[in-house]
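Colleague: predicted model and sequence below, questions to follow.
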Amino acid sequence: MTRYFQQPGQDAAWWYSKDWSTQYVSTDWMDYKQAEHQKGLAPHITKLWRSRDGGKNWTQLDWPENRNIGQLLFLDPDRGYAVGWGPHVWRTADGGRTWKAIEVPLLATDHEAPRKTFDAVDLGPDGVLRVAYYLPQMEDTPAESIVDQLKWDSDAFETDVKLPAQVVVSLQSEPVPPDYGYSVFSLSRLGPPRDWNDLGDNGRRSGALSTWGNRANQTVKQLHTFEVRLTLDGLSVGKRGVLLVYATDASGDGAPRDITLASKDYGKSWNETDDGITQGVYFDAATNTQYGLYAYTLKKRIW
């Protein structure tokens, strides 16, 4: 193993091109000992780096240190998005040399929560950025999650779909060539978000997997409902109908168990695998290969 990059931080985001020649890494270091007394927000420093030679040499890009980056999503080595607290969205078309701030949906923000994030973000193969956020019940509207979309050549978000009475956990689009039609998948927890002030609310919710197409006026179809014992954590979408749902089962005695639920037929049937305790999972959609870190061992399986 050879290490080419190292930067102190408690958090990071990254993106790599298909040939691994171009890589972006953002690092975030937070000083928890210097929290603001009034708001309780600890100061943080964000840095952004890029490599053009497969990670051997790195250039630090001009990025304001007070702008958090939670996700980096790119179409190609030059065109992409950075998404961070606020929530905020920035777009670049010149390899990260300059960035343009995109106005996010007003209902996705909260002036009392300056470090709010989207519930889920996804960049489709056609360059459409999708963001999900939850809206509680109001006088004239029921509780629902909104999925808005931003086309690459547009500077304004517009509504894609609405998901009633659920909180989105993950958004993933089908990996296909840019000119193809594709499906968008949403993993959600049914019901309202957990009320941490309610001691009787243990946070357990049934989960659901839904899908719709990228064409106009698509209808949302709920593919599967998951047992309430499973806390849904994430979703991976591969080729040829492979769907992986990552969950935690804390219903039994002992430590919670990490579960992988897999479908090879676009969600019609599912198999459950008890993975024990994992430290991290990565999925390569191009080869339908899942990598998991177990203690000091890296394992893989091909679906």
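Modeller: Cool, the structure landed.

Colleague: am I right that residue 215 sits in a helix?
Modeller: No: assignment of residue 215 by DSSP: H, G, I helix; E, B strand; the rest coil gives coil, placing it outside any helix.

Colleague: find the nearest non-adjacent residue to it, please.
Modeller: When the adjacent residues along the chain are set aside, residue 215 lies closest to residue 181, with 6.1 Å between them (Cβ to Cβ, 6 or more residues apart in numbering). Heads up, the C-betas are built off the backbone N, CA and C, glycines and all.

Colleague: who are the neighbours in contact with the one you found?
Modeller: Contact analysis of residue 181 by Cβ atoms under 8 Å, 6 or more residues apart in numbering lists 213-215.

Colleague: what's the answer for residue 84, then?
Modeller: The neighbours of residue 84, taking Cβ under 8 Å, 6+ apart as the test, are 46, 67-71, 90, 117.

Colleague: try 7 Å this time
Modeller: 67-70 (Cβ atoms under 7 Å, 6 or more residues apart in numbering).

Colleague: for the nearest residue to it once chain neighbours are set aside, give me the pLDDT.
Modeller: For residue 84, ignoring the flanking residues on the chain, the nearest one in space by Cβ to Cβ, 6+ apart is residue 68 at 4.0 Å. Turning to residue 68, the model gives it a pLDDT of 95.

Colleague: quick one: low-confidence parts of the chain?
Modeller: Across the chain, the ranges flagged by pLDDT under 70 are 35-40.

Colleague: what about the helices in it?
Modeller: The residue ranges that make up helices in the chain, judged by DSSP state H, are empty, as it has none.

Colleague: give me the domain ranges for it.
Modeller: Following automatic domain parsing, one finds the domains of the chain at 1-117, 126-303.

Colleague: ends of the shortest one, what's the gap?
Modeller: From the first residue to the last, domain 1-117 extends over 35 Å; the measure is Cα to Cα, to the nearest Å.

Colleague: where exactly do the strands run in the stretch 151-300 of the chain?
Modeller: The residue ranges that make up the strands of the stretch 151-300 of the chain, judged by DSSP state E, counting those that start in this stretch, are 158-164, 166-173, 183-190, 207-213, 221-226, 230-237, 243-249, 257-263, 271-276, 280-284, 289-294, 297-302.

Colleague: tell me which of these lies nearest to residue 8.
Modeller: Closest of these to residue 8 is strand 280-284, at 19.4 Å (criterion: Cβ to Cβ).

Colleague: who are the packing partners of the closest one?
Modeller: Under the contact definition 3 or more Cβ pairs under 7 Å, 6 or more residues apart in numbering; DSSP states H and E, strand 280-284 sits against strand 289-294.

Colleague: what comes up buried for the strand it packs on?
Modeller: By neighbour count with 16 or more other Cβ atoms under 10 Å, strand 289-294 contains the buried residues 290, 292.

Colleague: my guess is residue 248 contacts residue 229. True?
Modeller: No: checked against Cβ atoms under 7 Å, the pair residue 248 and residue 229 is beyond contact range at 9.6 Å.

Colleague: which one of the strands of the stretch 151-300 of the chain lies nearest to residue 197?
Modeller: Taking Cβ to Cβ as the criterion, residue 197 comes closest to strand 166-173 out of the strands of the stretch 151-300 of the chain, the separation being 17.0 Å.
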